[in-house]
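> A predicted structure for the sequence below; I have some questions about it.
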Amino acid sequence: MKFDAPKGLKLHRFIYIILAIFSFFIPFWANQYILHVATITLIHILLAVSLNFAMGFAGQLTLAHVAVYGFGAYATANFYIVLKFPYIISIFCGAIFASLIGIFLGFLSSRLKQFYFGIATLSFTMLSHWFFVHGGDITRGASGWFIPKPEFGFISSHNGIFYLSLILAFFVLWFGSNIAAGPFGRRLGALADIENACGNLGIDTKKLKYEVFIISSFIAGLAGGLLMGILGFADPESFHFVNMIVQFLMVILGGLNSIFGGLIGAITLTGLWEWVREFEGLWEIVLGAILLLLMILAPYGLYGFLIKIFPQWREPRHALNTLNMNSQMPNQINVSENNKKDSDNSIIIKNVSKNFGGVKALDQVNLKIEEGEIHAIIGPNGSGKSTFVNVLSGAVFFDSGTIDIFGNKTTNLKSHEIAKLGVSRTFQNFRISSRLNVLENVLLGSNIRQKHESGAIIRSQKFLNEEKFLIEEALAALDFVGMIDFINSKGNELSGGQMRLVELARGIMSKPKIMLLDEPAAGLSIKHVETAAKVIKKLRDELGVTVILVEHVLRLVMDLSDRVTVLNSGKMIASGAPTEVKDMSVVKEAYLGKRKNVI
Ligand code: ADP
Ligand code: MG
């Protein structure tokens with residue numbers, strides 16, 4: 001079998017090289033005006049890519065990007081003029097300073113979500129503008145700060161800044177697409193679409209938000225330093241909130257969630273902007289009409305439009321273009337090294353309670369789950385089954401009691417820390433990222449196992465080998481759950497049943513010691529229920545995984561499980577072998593009484 005992934009990465013890199021070669025010759029023929037517009041376009045490319053990282057990839061609605069851009073410019077000016085650093089060094093120092101603002105934005109985004117985060121960043125932009133106007137010697141006031149043109153030795157100042165912008169834009173496109181086409185890009189997709197599942201995938205969302213804002217702000221800071229150089233002054237109006245709209249337009253017009261989209265957006269918008277200036281009094285009407293038309297024709301941006309026509313041009317979130325699967329297709333998913341016998345491999349739950357505003361979702365639950373068993377949790381709706389899975393996986397903290405997983409107390413552990421103990425789960429309401437395709441969603445499961453991620457930026461051989469290995473495993477897992485034909489479908493193109501199967505494959509990819517399945521068969525067709533049953537059996541029999549199965553399809557419970565625990569109003573009312581439990585009067589009364597014919 002041949003696995004054919006989108007060629008986006010290869011194709012885009014080819015385009016970056018062609019554009020760079022073309023741009024190299026611009027100073028040879030262009031007049032001052034064209035050179036200026038070309039430099040601004042390059043600066044806009046940096047801005048668009050950087051904003052796209054935070055907004056398009058990570059889904060963070062930031063309105064502070066223009067302020068970060070401004071801090072980059074003013075910091076560069078201070079390093080260059082006040083501290084008398086060489087211009088190029090000053091730009092990098094300015095970008096590092098902008099990254100510090102990025103840390104603050106990371107802090108804000110780990111506290112606030114969506115519109116609340118948007119408003120906080122808007123306030124930050126307004127405060128920053130005030131500071132740019134009133135910053136005294138640091139910003140030199142409302143009329144702007146004149147900056148002598150930087151020297152570049154044997155080439156003119158304009159040409160020097162142009163080439164510097166070209167080099168930086170090229171590197172940002174190149175290395176940006178490298179890191180997007182790997183685990184970092186996948187994690188950002190998860191953060192944007194399924195933040196509430198990230199912890200259980202072993203993703204520390206707080207850390208990820210800091211990382212993405214530092215990267216995004218560093219690039220915006222570079223853009224600020226270049227702008228200051230090419231304009232010959234820094235003035236507060238360049239970093240007014242209104243200019244945020246230009247940045248938004250570039251990203252949304254070009255295409256959210258893509259490095260290449262940022263490039264198209266920056267070129268198109270800068271070009272359009274210059275062109276409509278010819279329509280003197282009418283430019284707003286012309287620009288507005290063109291943008292409106294473009295957005296109606298291409299609601300997902302020009303990049304979205306392009307990949308609709310040429311799906312193969314999509315920018316992948318994994319590192320391989322093609323892989324010949326003839327020989328490599330593993331027919332069995334290997335048992336993880338993690339699954340070697342520990343001294344204590346049981347899960348001990350002691351007096352665990354969880355209240356939701358007066359509702360006792362779990363009430364003094366005591367249970368010992370042995371290694372390698374399929375342990376079903378059943379009970380009527382609202383009896384606390386999902387809450388049980390949630391407290392075990394760290395999705396919610398429990399109020400009292402203790403949970404011991406393989407000798408580790410999980411009190412106060414966050415979900416991503418529990419995931420690292422080898423606990424994987426699926427969700428009652430599916431959590432699949434629509435920014436990622438099926439293969440990439442499944443690869444998310446291997447997030448905690450990836451060891452050579454740092455090589456992603458230069459696509460080191462170690463990193464590529466690891467990606468190849470993980471992709472082979474992901475394909476095997478997808479084949480096993482019967483979803484191999486859907487690898488290139490986007491997460492939101494699947495039916496509910498298919499999403500469940502993809503979640504199962506993603507769970508397998510984490511090579512867990514414990515798999516928590518919250519109603520894996522709900523909404524599945526009969527054929528798919530059989531597949532799910534096969535997967536669950538395989539997890540126990542071949543991979544030695546301890547399975548905790550919450551399920552309503554009782555036939556599945558009776559067929560598969562070694563032991564069954566029954567919850568009712570948060571209390572454990574019975575626990576034992578399926579046949580024993582089935583006949584207990586207390587269970588019949590609480591749960592099966594009304595539905596005797598279910599089994
Ligand atoms: P089950 O999965 O058995 O149907 P749940 O564990 O989802 O039951 O819910 C048990 C009880 O806890 C219900 O009364 C439910 O309304 C409540 N509950 C569960 N999660 C939350 C939550 N996040 N916030 C408030 N109440 C909740
Ligand atoms: Mg439930």
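Here it is on my side, so go on. Ligands and ions are numbered 1, 2, ... in the order given.
> who touches the residue nearest to Trp283 when sequence neighbours are not counted in this structure?
Of all residues not flanking Trp283 in the chain, Val276 sits nearest, at 4.2 Å (C-beta to C-beta, 6 or more residues apart in numbering). For every residue, glycine as well, the C-beta is placed using N, CA and C. Neighbouring residues of Val276 by C-beta atoms under 8 Å, 6 or more residues apart in numbering: 283, 286-287, 290.
> which member of these is positioned nearest ligand 2?
Ile290 (50.0 Å; C-beta to the ion).
> thinking again about what came up before, the contacts of Val276 in helices, which ones?
Of the contacts of Val276, the ones assigned to helices by DSSP state H are 283, 286-287, 290.
> quick one, which of these are buried?
Neighbour-count burial (16 or more other C-beta atoms under 10 Å) applied to those gives Leu287.
> Ala120 touches Leu105, doesn't it?
No - look at Ala120 against Leu105 with C-beta atoms under 8 Å: they stay out of range, at 9.1 Å.
> of these two, who's got more company?
Leu105 (28 against 17; other C-beta atoms under 10 Å).
> could you find the closest non-adjacent residue to the more buried one?
Phe213 (4.4 Å).
> what's the answer for Ile203, then?
Arg187 is the one closest to Ile203 (C-beta to C-beta, 6+ apart), at 5.4 Å.
> of all pairs in the contacts of Val276, which one is the farthest apart?
The most widely separated members of the contacts of Val276, counting by C-beta to C-beta, are Trp283 and Ile290 (10.5 Å).
> where are the low-confidence patches of the stretch 301-450 of the chain?
322-343 (pLDDT under 70).
> Val172 is in contact with Phe218, isn't it?
No - at 9.5 Å, Val172 does not count as touching Phe218 under the criterion of C-beta under 8 Å.
> so for those two, which residues contact both of them?
Going by C-beta under 8 Å, 6+ apart, residues that sit against Val172 and also against Phe218 are Ser50.
> residues from the stretch 301-450 of the chain in reach of ligand 2?
Proximity of the stretch 301-450 of the chain to ligand 2 is confined to 385-386, 428 under the rule C-beta under 5 Å from the ion.
> dump those to TSV, plus neighbour count and secondary structure.
Compiled in TSV, those are given as follows (neighbours: other C-beta atoms under 10 Å; DSSP: H, G, I helix; E, B strand; the rest coil):
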residue	neighbour count	secondary structure
Lys385	28	helix
Ser386	20	helix
Gln428	16	coil
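> what's the closest non-adjacent residue to Ser157?
Here the residue nearest Ser157, using C-beta to C-beta, 6+ apart, is Lys149, at 3.8 Å.
> now swap in Gly185 and tell me
Closest to Gly185 by C-beta to C-beta, 6+ apart is Arg317, at 4.2 Å.
> same question for Trp174.
Tyr16 (6.1 Å).
> distance-wise, check the residue of the stretch 251-400 of the chain found nearest ligand 2 relative to Gly379.
Closest approach between the stretch 251-400 of the chain and ligand 2, counting by C-beta to the ion: Ser386, at 3.2 Å. The spacing between Ser386 and Gly379, counted by C-beta to C-beta, to the nearest Å, is 10 Å.
> who in the stretch 101-250 of the chain is up against ligand 1?
Nowhere does the stretch 101-250 of the chain come near ligand 1, counting by C-beta under 6 Å from any ligand atom.
> which residues pair with Ile377 across the strands?
Val550, Thr565 (DSSP bridges).
> ok, it - contacts?
With contact set as C-beta under 8 Å, 6+ apart, Ile377 has these partners: 385, 388-389, 548-550, 564-567.
> ok, now which ones touch the residue in the stretch 1-150 of the chain positioned nearest to ligand 2?
Ligand 2 sits closest to Lys113 of the stretch 1-150 of the chain, with a gap of 24.0 Å, by C-beta to the ion. Counting by C-beta under 8 Å, 6+ apart, Lys113 touches no other residue.
> let me know the pLDDT of it.
If you check Lys113, the pLDDT there is 90.
> and what of Leu560?
Taking Leu560 on its own, its pLDDT is 90.
> for it, phi and psi?
phi -100, psi -40 (degrees, to the nearest 10).
> how about it: what's its closest non-neighbour residue?
Ile374 (5.3 Å).
> how close does that neighbour get to Lys354?
Distance of Ile374 to Lys354, given as C-beta to C-beta: 24 Å.
> looking at those two, which is more packed in?
Shown here are Ile374 and Lys354; by other C-beta under 10 Å, Ile374 has more neighbours (25 against 22).
> and the gap between that one and Arg111?
On the measure of C-beta to C-beta, Ile374 and Arg111 end up 40 Å apart.
> and what of Gly445?
For Gly445 relative to Arg111 (C-beta to C-beta), the value is 28 Å.
> got it, and Phe131?
According to C-beta to C-beta, Phe131 and Arg111 sit 22 Å apart.
> when those two are compared, which one has more neighbours?
Phe131 (17 against 12).
> now that one: closest residue in space, sequence neighbours ignored.
Counting by C-beta to C-beta, 6+ apart, the residue nearest Phe131 is Thr139, at 6.8 Å.
> can I assume that neighbour is in contact with Phe239?
No - the pair Thr139 / Phe239 is not scored as a contact, 10.0 Å apart, by C-beta under 8 Å.
> joint contacts of these two?
Between them, Thr139 and Phe239 share these contacting residues under C-beta under 8 Å, 6+ apart: Phe132.
> which one's more surrounded, those two?
Phe239 (26 against 23).
> report the separation between that one and Leu46.
15 Å.
> and Phe310, by the same measure?
From Phe310 to Leu46 the distance is 26 Å (C-beta to C-beta).
> of those two, which one has the most company?
With neighbours defined as other C-beta under 10 Å, Phe310 and Leu46 compare such that Leu46 has more, 29 against 13.
> for that one, which non-adjacent residue is closest in space?
Here the residue nearest Leu46, using C-beta to C-beta, 6+ apart, is Ala223, at 4.0 Å.
> show me the strands in the stretch 301-450 of the chain, by range?
322-324, 347-356, 359-369, 374-378, 400-405, 408-409, 423-425 (DSSP state E, counting those that start in this stretch).
> any idea which of those strands gets closest to Arg459?
Across the strands of the stretch 301-450 of the chain, closest to Arg459 is strand 322-324 (C-beta to C-beta), at 15.0 Å.
> how about the spatially most central residue of the chain: what's its closest non-neighbour residue?
Nearest residue to the geometric centre of the chain (C-alpha atoms, centre = their mean): Leu188, 1.6 Å. Nearest non-adjacent residue to Leu188, counting by C-beta to C-beta, 6+ apart: Phe57, 4.1 Å away.
> wait, that neighbour touches Arg187, no?
No - applying C-beta under 8 Å as the test, Phe57 and Arg187 come out as separate, 9.4 Å apart.
> now do the SS call for whatever residue of the stretch 101-250 of the chain ends up closest to ligand 1.
Closest contact between the stretch 101-250 of the chain and ligand 1, by C-beta to the nearest ligand atom, is at Asn196 (10.6 Å). Taking DSSP: H, G, I helix; E, B strand; the rest coil as the rule, one finds Asn196 in the helix state.
> how about the nearest residue to it, chain neighbours excluded?
Arg431 (6.9 Å).
> distance check, that neighbour against Lys84.
53 Å.
> check Leu19 too.
35 Å.
> equivalent analysis for Leu543, please.
Distance from Leu543 to Lys84, by C-beta to C-beta: 63 Å.
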